[in-house]
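**Q** Next one to model:
(one chain, ligands or ions: 1)
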Amino acid sequence: MVNTKNIRKSICEIGKLLFDKGLIDSSGGNISVRDGDKVYLSPRQSGEHHQWSIDEDSVIVTDMCKVPIIGDLDKITRESVCHYYIYHNFPEVKAVVHAHPPFMMSFSSAHMEIPAISEGTRCVIGTLPITNIEESVPGSVQQAERIVVNFKERRKIDPECGLICNVPFHGVFSAASDLNYAYLYVEVSETNCKILINRQIMFGNNPKADLSVHHAISREEIRSIGENKEVCETGFAYKDPFGNETVYRGSGQKSPMASNVSSDMISKITEEVLRKLKNS
Ligand SMILES: [Zn+2]
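**A** Predicted structure coming up:
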């Protein structure tokens, strides 16, 4: 069961984090979370009026048609139409972030797509470039429809890709299965852009610079990142932190000798406790 209090709190915390990291500014940005048939949204002008220091009670809760359950209709973020359109079209999406990250916006303000080069971006979002929708009026239905089309096209090419797109001269929209990932998509994409811009400034005209990706990480390799890897060969003899001679048996297992030592210790302690209890 999702704790209602925690959703409202997490929207405030992610908003502050986005602001402190320069991913949103006082002119805008908005955040929402979907919980079943309820949508939680950051309040209107969180940046302009509060510099993203908003409190939990200001977070609006509505149904899927934007009918308020907690809070007033006119306090809902002005970009809310995009959030609802995304939720209506992607049932698996549980959080949407709209941010104004300046390095990503530098690409959209030249109508350039963003190649995914950083390992973080390739592993978290996938290798598809982050593309632009057409210039749109902020908060309009047209903008919302274009974002949905962009996300659907991404998913058609790569069903496992992260959902994020650029809005020229304006900002980005990301959508994910939870708020942490919707935030993460923005942060890794912005870092990706910082790298692209820095290496262009530093090495763009250097004929020795090799800007190509040498190893395209596959989905299988990405999945293997979390698997346990051995750091010693089975049978490796070593001294453990307690000074015992021991042998590594693989899969994070100690040698039987080491377990005997700890059983011995447990027996000794048990005997000692029983002896003290008898004497008391
Ligand atoms: Zn905006």
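
**Q** The closest residue to the ion within the chain - how many residues pack around it?
**A** Taking C-beta to the ion as the measure, the chain has Gly28 as its residue closest to the ion, at 3.6 Å. Backbone N, C-alpha and C define where each C-beta goes, glycine included. By other C-beta atoms under 10 Å, the residues close to Gly28 number 20.

**Q** Distance-wise, check it relative to Arg155.
**A** Distance, Gly28 to Arg155, by C-beta to C-beta, to the nearest Å: 26 Å.

**Q** coming back round to it: what pLDDT is listed against the residue of the chain closest to the ion?
**A** The model reports Gly28 with a pLDDT of 87.

**Q** again, but for Phe90
**A** We have a pLDDT of 98 for Phe90.

**Q** So what does Ile69 have for phi and psi?
**A** phi -110, psi -40 (degrees, to the nearest 10).

**Q** picking up where we left off before, wait, what's in contact with the residue of the chain closest to the ion?
**A** Gly47, Glu48, Glu79, His98, His100, Pro138, Gly171 (C-beta atoms under 8 Å, 6 or more residues apart in numbering).

**Q** give me the element it is part of.
**A** In the assignment (DSSP states H and E), Gly28 maps to no helix and no strand.

**Q** Arg154 contacts Leu128, correct?
**A** Yes: the pair Arg154 / Leu128 is scored as a contact, 5.9 Å apart, by C-beta atoms under 8 Å.

**Q** Which residues of the stretch 101-250 of the chain lie near the ion?
**A** By C-beta under 5 Å from the ion, the part of the stretch 101-250 of the chain that sits against the ion consists of Gly171.

**Q** what stretches of the stretch 101-250 of the chain score poorly on pLDDT?
**A** In the prediction, the stretch 101-250 of the chain carries no residues with pLDDT under 70.

**Q** elements contacting the one helix or strand Met202 maps to?
**A** Under the criterion of DSSP H and E, Met202 resides in helix 179-203. In terms of contacts (3 or more C-beta pairs under 8 Å, 6 or more residues apart in numbering; DSSP states H and E), helix 179-203 is packed against helix 4-20, strand 30-35, strand 95-99, helix 102-108, helix 119-124, strand 163-167, strand 171-176.

**Q** quick one: is the longest one near the ion?
**A** Read it as helix 4-20. No: remark: helix 4-20 sits outside contact range of the ion, by C-beta under 5 Å from the ion, the gap being at least 11.8 Å.
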